[in-house]
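Chemist: Turn this into a structure:
(one chain, ligands or ions: 1)
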Amino acid sequence: MEYDHDAIVIGGGPAGSTFARIAAGAGLDVLVIDKRREIGVPVRCGEGLGEGEVIKKGLDLPRQCYSTPVLGAKVIAPNGKSITWKNKDTRGWVLERKCFDKWLAELAVAKGAKVHTYTRATEVLKDAKGKPNGLKIAHGGREPYEVRAPLIVSAEGMESMMARQMGFKTVHQLYDVDTCYQYEMKPYDHENLIELYFGNKIAPRGYVWIFPKADRKANVGIGIGGNVTNGEKNGMKGADPKALLESYIEGNSQLRDASTLLDFGGVISVGAPISEFVKDNCMVIGTAAKQVDPIHGGGIAIAMETGILAGNAAVEALKKKDLSRDFLYKSYEVPWRAGLGKDLEKKLALRKVMENLGDDDMNHIFGVLNDNDLKDVMDGRFAAVVAKIVAGRPQLVGALKALLG
Ligand SMILES: Cc1cc2nc3c(=O)[nH]c(=O)nc-3n(C[C@H](O)[C@H](O)[C@H](O)COP(=O)(O)OP(=O)(O)OC[C@H]3O[C@@H](n4cnc5c(N)ncnc54)[C@H](O)[C@@H]3O)c2cc1C
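Modeler: Modelled structure (predicted):
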């Protein structure tokens, strides 16, 4: 087989571009294709990113890639009580993702990767044994043509149609997604804090977020459980994220009269990662593999971290000429599940506990916890916090015991 490249990456988001930067940096011939006309556009994201997440990857975020630094977070209970949380772990940015994603792609190009926009993968090509060895791709809606590589990487985000053709189980269940709606709004005077509003009337199985942006702007969004969205179940009408967000905005004296500058809906995965990330000659990375934080649906940092791990695994595999499932499994999937995977497992358990809490329970919890307790929760240290909560409300033992297992 004559190959055109060492690896073809489907998707030029944070996962695909980071993979390409690492693999091309080690000398591989990498092609990244993205069906969008422009990398990073249109933006469908709250654009929040923790500071440590980028710095620990050895990158220095250019000024044009973020709108404003974030100093901390404020979580607000259904009864309006809030906890403000400001420390080095809560610092970060609200990005300008159209610049950020393009910057990540440019870093890959600088290392020698080739990036083609407006180029869609339409079919996975396979050898006689059914192993992927190329793609049919179409530029700008023209006739598809074939490109060949011994390694195919799906970094396709939520759609993951090509990963499905490679045999990965990427279909989403309603229970494990959040349906979202977001406006960019102005004017909104903020304190550079991420604000999260909880309550079953505000956002059933989810929350409203306000992410601060420069020049008195903010991303104001909502995510609610896919299983409580729209439709009709047992004669009950489901919730509509856009209508709920509008009702929240109506009740917020600052936002009520603000203008909207951008308006979009989207779906995020908040469930467990897919059951396998690799097969012979192919891998799935980032949101395509449902590698997302189940508490808030954040996936940028995880996509980048995975891009580094998978990129290094690909370099080793091609050096050793071993693109078998076993080699990719040991070098990418095993360390991923032992590291990031363990952290996300704890967060999934927390999400499942949170979705069974009523507003009264949440008011109680916000009433007894402080900012240090919240840090423990986000770091997966639940024992002391659970003890504090159930001391005042023993009936929550059953709901919270999953966190102690
Ligand atoms: C409403 C909303 C708010 C969010 N807010 C945040 C947030 O504040 N912070 C955070 O960290 N995360 C957030 N996320 C999640 C975050 O956007 C994703 O987790 C992140 O973009 C994942 O990166 P990725 O590279 O895996 O996939 P993506 O960024 O989705 O990139 C996938 C790329 O693949 C391309 N593609 C797909 N199929 C094909 C094909 N067949 N051929 C060619 N190209 C293809 C797409 O065009 C896309 O550019 C949010 C998501 C939503 C929907």
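Chemist: Flag every buried residue along stretch 109-126.
Modeler: Applying a neighbour-count criterion of 16 or more other CB atoms under 10 Å, one finds K111, G112, A113, V115, T117, T119, R120, A121, V124, K126 buried in stretch 109-126. From N, CA and C alone the C-beta is placed, and that goes for glycine too.
Chemist: Check those residues one by one and keep those near the ligand.
Modeler: Contacts with the ligand within these, counted by CB under 6 Å from any ligand atom: R120, A121.
Chemist: would a markdown table of the buried residues of stretch 109-126 with distance to M362 and pLDDT be doable?
Modeler: Below are the buried residues of stretch 109-126 laid out as a markdown table (distance: CB to CB, whole Å; pLDDT from 0 to 100):
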| residue | distance to M362 | pLDDT |
| --- | --- | --- |
| K111 | 47 | 98 |
| G112 | 51 | 98 |
| A113 | 46 | 98 |
| V115 | 45 | 98 |
| T117 | 44 | 98 |
| T119 | 46 | 98 |
| R120 | 44 | 97 |
| A121 | 43 | 98 |
| V124 | 45 | 98 |
| K126 | 50 | 98 |
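Chemist: how about a markdown table for the buried residues of stretch 109-126, with secondary structure added?
Modeler: Listed next are the buried residues of stretch 109-126 as a markdown table, based on DSSP: H, G, I helix; E, B strand; the rest coil:
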| residue | secondary structure |
| --- | --- |
| K111 | coil |
| G112 | coil |
| A113 | coil |
| V115 | strand |
| T117 | coil |
| T119 | strand |
| R120 | strand |
| A121 | strand |
| V124 | strand |
| K126 | strand |
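Chemist: Among the buried residues of stretch 109-126, which one sits closest to E333?
Modeler: V124 (19.5 Å; CB to CB).
Chemist: my read: that closest one touches I152, true?
Modeler: Yes. The criterion here is CB atoms under 8 Å, and V124 meets it with I152 at 6.6 Å.
Chemist: any shared contact partners between those two?
Modeler: P132, G134, L135, M162, M166 (CB atoms under 8 Å, 6 or more residues apart in numbering).
Chemist: Identify the bridge partners of the first one.
Modeler: For P132, the beta-bridge partners are K126 (DSSP bridges).
Chemist: per-residue confidence for it?
Modeler: For P132, the pLDDT comes out at 98.
Chemist: Please list the residues of the stretch 51-200 of the chain that sit near the ligand.
Modeler: So far as CB under 6 Å from any ligand atom goes, the stretch 51-200 of the chain lies against the ligand at R120, A121, A155, E156, G157, E159, M161, M162, C180, Q182.
Chemist: Swap in 8 Å and give it another go.
Modeler: Taking CB under 8 Å from any ligand atom as the contact definition, the stretch 51-200 of the chain meets the ligand at 94, 97, 101, 119-122, 137, 155-162, 180-182.
Chemist: Buried subset of these, written for PyMOL?
Modeler: PyMOL command restricting those to the buried ones, with burial defined by 16+ other CB under 10 Å:
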select buried, resi 94+97+101+119+120+121+137+155+156+157+158+160+161+162+180+181+182
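Chemist: ok now stretch 259-272, how far from the chain's centre?
Modeler: Stretch 259-272 has its C-alpha centroid displaced from the chain centroid by 11 Å (CA atoms, centre = their mean, to the nearest Å).
Chemist: Between the two ends of stretch 72-80, how far is it?
Modeler: End-to-end distance for stretch 72-80: 18 Å, by CA to CA, to the nearest Å.
Chemist: For the residue lying closest to I295 once chain neighbours are set aside, grab the count of nearby residues.
Modeler: Closest residue to I295 apart from its sequence neighbours, by CB to CB, 6 or more residues apart in numbering: K347 at 5.0 Å. Look at K347: counted by other CB atoms under 10 Å, it has 18 neighbours.
Chemist: Would you check how far apart D176 and the ligand are?
Modeler: 14 Å (CB to the nearest ligand atom, to the nearest Å).
Chemist: Among the shared contacts of V124 and I152, which lie within helices?
Modeler: Those of these mapping onto helices are M162, per DSSP state H.
Chemist: Which of the shared contacts of V124 and I152 are buried? Put it as a PyMOL command.
Modeler: Here is the PyMOL command that picks out the buried ones among the shared contacts of V124 and I152, judged by 16+ other CB under 10 Å:
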select buried, resi 132+134+135+162+166
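Chemist: Tell me the one among the shared contacts of V124 and I152 nearest to the ligand.
Modeler: M162 (5.3 Å; CB to the nearest ligand atom).
Chemist: buried residues in the one helix or strand I389 maps to?
Modeler: Assigned by DSSP states H and E, I389 belongs to helix 383-392. Within helix 383-392, the residues scored as buried using 16+ other CB under 10 Å are V385, V386, I389, V390.
Chemist: In the stretch 51-200 of the chain, where is pLDDT below threshold?
Modeler: Low-confidence segments of the stretch 51-200 of the chain (pLDDT under 70): 52-53, 55-56.
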